[in-house]
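*Asks:* here is a sequence with its predicted model. Questions after.
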Amino acid sequence: MATAIIATFENGLLRPSEKLALREHDQVLVVVLPLTPQTEYAPDAARVAAIREQAETWLNQQSSDAVREPVTLTPATERRRDDEFDAALAAIRARARRFDERQILADIEMAISEVRSLSENERAQLDAELDHTLAAIAANAHS
């Protein structure tokens, strides 16, 4: 069983935020990664600009047939999709608050490198998995 949880350091002891499936005297490996409180988060303007530039460069390298035609949605469908997106984004932000900004940025950079190395079929499969994951996140946010 490998799991990641949040713990609070109090009186010289780490207090887990949830019950652990451990027996008395079980030994575990603890890796301490201090969490940055949300109030300390301030995006690095230069880093944001660099990421935007990378995105623009990538978009400009795509062929014209890679861009999908705009889809016309009914107002009800557009509202539903907006609500699902907002719910998924809120859930992602809530989860992201538990992690240090540097770790998130490192994970994003690693993910970008991995995606760049994918074949067309692998990208299509990843797109389908992402659609499924976002739908699941939105469904969980509504429950």
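*Replies:* Noted; the coordinates are in hand.
*Asks:* all the strands of the protein, residue numbers only.
*Replies:* Assigned by DSSP state E, the strands in the chain fall at 7-10, 13-16.
*Asks:* including mean pLDDT and distance to residue 86, could those strands go into TSV?
*Replies:* Backbone N, C-alpha and C define where each C-beta goes, glycine included. Listed next are the strands of the chain as TSV, based on pLDDT from 0 to 100; distance: least, Cβ to Cβ, whole Å:
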stretch	mean pLDDT	distance to residue 86
strand 7-10	85	30
strand 13-16	88	31
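*Asks:* reformat these as TSV; add mean neighbour count and distance to residue 62.
*Replies:* As requested, the strands of the chain are exported to TSV (neighbours: other Cβ atoms under 10 Å; distance: least, Cβ to Cβ, whole Å):
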stretch	mean neighbour count	distance to residue 62
strand 7-10	11	44
strand 13-16	10	46
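*Asks:* turn these into CSV, columns for distance to residue 109.
*Replies:* Shown next, in CSV, are those (distance: least, Cβ to Cβ, whole Å):
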stretch, distance to residue 109
strand 7-10, 27
strand 13-16, 29
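*Asks:* the ones you listed: which one's closest to residue 30?
*Replies:* Residue 30 sits nearest to strand 13-16 of all those, at 7.1 Å, using Cβ to Cβ.
*Asks:* let me see the ranges of the helices in the protein.
*Replies:* Here the chain has its helices, by DSSP state H, at 45-61, 75-96, 101-116, 120-142.
*Asks:* what is the mean pLDDT for the third one?
*Replies:* Per-residue pLDDT over helix 101-116 has a mean of 82.
*Asks:* quick one: work out the angle between that helix and helix 120-142.
*Replies:* 140 degrees (axes from the mean of the first three to the mean of the last three Cα atoms, to 10 degrees).
*Asks:* from residue 55, how far out is residue 61?
*Replies:* Going from residue 61 to residue 55 by Cβ to Cβ, to the nearest Å gives 11 Å.
*Asks:* okay, the two: which has more neighbours?
*Replies:* residue 55 (11 against 8; other Cβ atoms under 10 Å).
*Asks:* and the residue nearest the centre of the chain?
*Replies:* residue 92 (5.7 Å; Cα atoms, centre = their mean).
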